[in-house]
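Enquirer: Model the structure of this input:
(one chain, ligands or ions: 1)
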Amino acid sequence: MSDASANLAPSECMVADFSIFAPPADFYENPYPYYRALRESDPVHRNADGSYYLTRYEDVRRVYRTKGMTSDKTEMFTKKYGPGPLLEQHTTSMLFSDPPYHTRIRNLLRHAFTPRALKQLEHRVIELVDDLIEKCRARGEMDLVLDFAFPLPVEVICTMLGIDTRERKRLQEWSREILTPLEPTATPEMIADGNRAVEEFSAFLRDLLAEKRGNMAQGVRAGDILEDLIDSQDSEDDPLTEDELVQNCILLLNGGHETTTNLVGNGMKAMFDNPEQLRKLQEDPSLIGSAIEEMLRFDSPLQIGNRGIAEPFEVGGITLEPGTQILTSIGGANHDPEGFDNPEAFDITRTPNKHLAFAAGIHACIGAPLARMEGTIAISKLVAAFPDIERKGPIGRGGRARFRGLTSMPISV
Ligand code: HEM
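Expert: The predicted structure is shown next:
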């Protein structure tokens, strides 16, 4: 049985003392026994700061589906980050806003994820995956995270936005520095790095936008989504301001790469920990669709969401009042026996599989079709190319509670 499915007795987990802001060291390695203990004895867990941490499937699903919730984090982020570029970025991005602003931005960005737009990206994903696989074949080994899962998504988003992929390394660093302060606890260093990263990233995008505008004025177009967004600025119907455009491009870049890296890394780790499932997929490649859904459920790349209560909300027999903050445990919900039969088993044939890895409701991941496409191509090609693929040596883990992923996983082929 894999470490992600190991079961500790709830009493061993000391639920009463549990804090998602300072979890025990072994939580990062394997949070699932803690989620289980919380679900069973304290599913509406009150945190020391007065917020609540919900671990049951139905409760988390209801939070995402209920209208009386807010994603606006202005007050929370002002306290957490203080004034500066990081605060501006996170409060202008549609992820942390409510309708009507959220609806307006989402409607504009949705064009990037239509089946037609994704079809255009598909050949690039295939090309990239084939190239990474050939490099691995030549060496007989690779680090599945560093050499495969990490480079792929950022290259794809660069292609989508028309950014030179040689900028990949800088983008990955900025993205990580901007996202890390979203962890339940952010140190002053994390916040300082986040502020600097937003400043540098915004300057980079403003230069890129100016260059694209210049090209477009001369009739030279590359056909990327950035050009569509620039076009939308000419519309009379509430166009995007320059700041809104920049901040939401940063969101797209940030939202789409580490999560997708973690889908491929966590998903393949689950396969190595459950070799009979790996063999099953190799014998029947048509299982890739349900396999990807199971990877998303079993070790979800994004484990925590946040919502604020805007209207009184009853959960677990108590009424939470407006102003209360909620943390949703996506990982806990996705392992709840009330939502999934035998949830600790990794089963690539699982159906139905109504996991919450992409959340639900109006903020449900806009990039989900792209993530699914990338995951499907990457993993199906990898396991088909290397019948003897196996893990070799210890894995490295990021040690973050919200973004769950690996930093390293050596393999041999
Ligand atoms: C396996 C990969 C991914 C996972 C697990 C994931 C997960 C999520 C989740 C849970 C949310 C909801 C957050 C909330 O409201 O609290 C979300 C929103 C979002 N995601 Fe993803 N995501 C993935 C890939 C992507 C990709 C590839 C992109 C874009 C290229 C993307 C862009 C976004 C954006 C822009 C939002 C905000 C949507 C809104 O507020 O309406 N994500 N994602």
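Enquirer: Show me which helix or strand of the chain is least confident by mean pLDDT.
Expert: Least confident element among the helices and strands of the chain, by mean pLDDT, DSSP states H and E: helix 225-232 (a mean of 86).
Enquirer: That one and the ligand, are they touching?
Expert: No. Among the residues of helix 225-232, none lie within reach of the ligand under C-beta under 6 Å from any ligand atom; the closest is 9.7 Å away. Any C-beta I mention is one placed from the backbone N, CA and C, and that applies to glycine too.
Enquirer: Identify the residues contacting that helix?
Expert: By C-beta atoms under 8 Å, 6 or more residues apart in numbering, the surrounding residues in contact with helix 225-232 are 108-109, 111-112, 117, 160-162, 208-209, 212-213, 216, 221, 239-240, 245, 249.
Enquirer: what element comes up after that helix heading to the C-terminus?
Expert: Where DSSP states H and E defines the elements, the next helix or strand beyond helix 225-232 is helix 242-273.
Enquirer: could you pull out the strands for the stretch 301-413 of the chain?
Expert: In the stretch 301-413 of the chain, strands defined by DSSP state E, counting those that start in this stretch lie at 304-309, 313-315, 318-320, 325-329, 390-391, 396-397, 406-408, 410-412, listed in chain order.
Enquirer: any chance of the ones you listed in CSV, with mean pLDDT too?
Expert: What follows is the strands of the stretch 301-413 of the chain, written out as CSV (pLDDT from 0 to 100):
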stretch, mean pLDDT
strand 304-309, 96
strand 313-315, 97
strand 318-320, 96
strand 325-329, 97
strand 390-391, 96
strand 396-397, 95
strand 406-408, 97
strand 410-412, 97
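Enquirer: who wins for proximity to residue 128 among the ones you listed?
Expert: With respect to residue 128, and counting by C-beta to C-beta, the nearest of the strands of the stretch 301-413 of the chain is strand 410-412 at 18.2 Å.
Enquirer: in the closest one, what counts as buried?
Expert: Applying a neighbour-count criterion of 16 or more other C-beta atoms under 10 Å, one finds 410, 411 buried in strand 410-412.
Enquirer: Run through who's touching the helix or strand containing residue 86.
Expert: Assigned by DSSP H and E, residue 86 belongs to helix 85-92. Contact with helix 85-92 is made by 72-74, 77-78, 81, 96-97, 178, 181-182, 191, 194-195, 198-199, 202, 243-244, 247-248, 250, as judged by C-beta under 8 Å, 6+ apart.
Enquirer: check which helix or strand covers residue 280.
Expert: helix 275-283.
Enquirer: Point me to the residue of this protein nearest the ligand.
Expert: Proximity of the chain to the ligand (C-beta to the nearest ligand atom) peaks at residue 367, 2.1 Å away.
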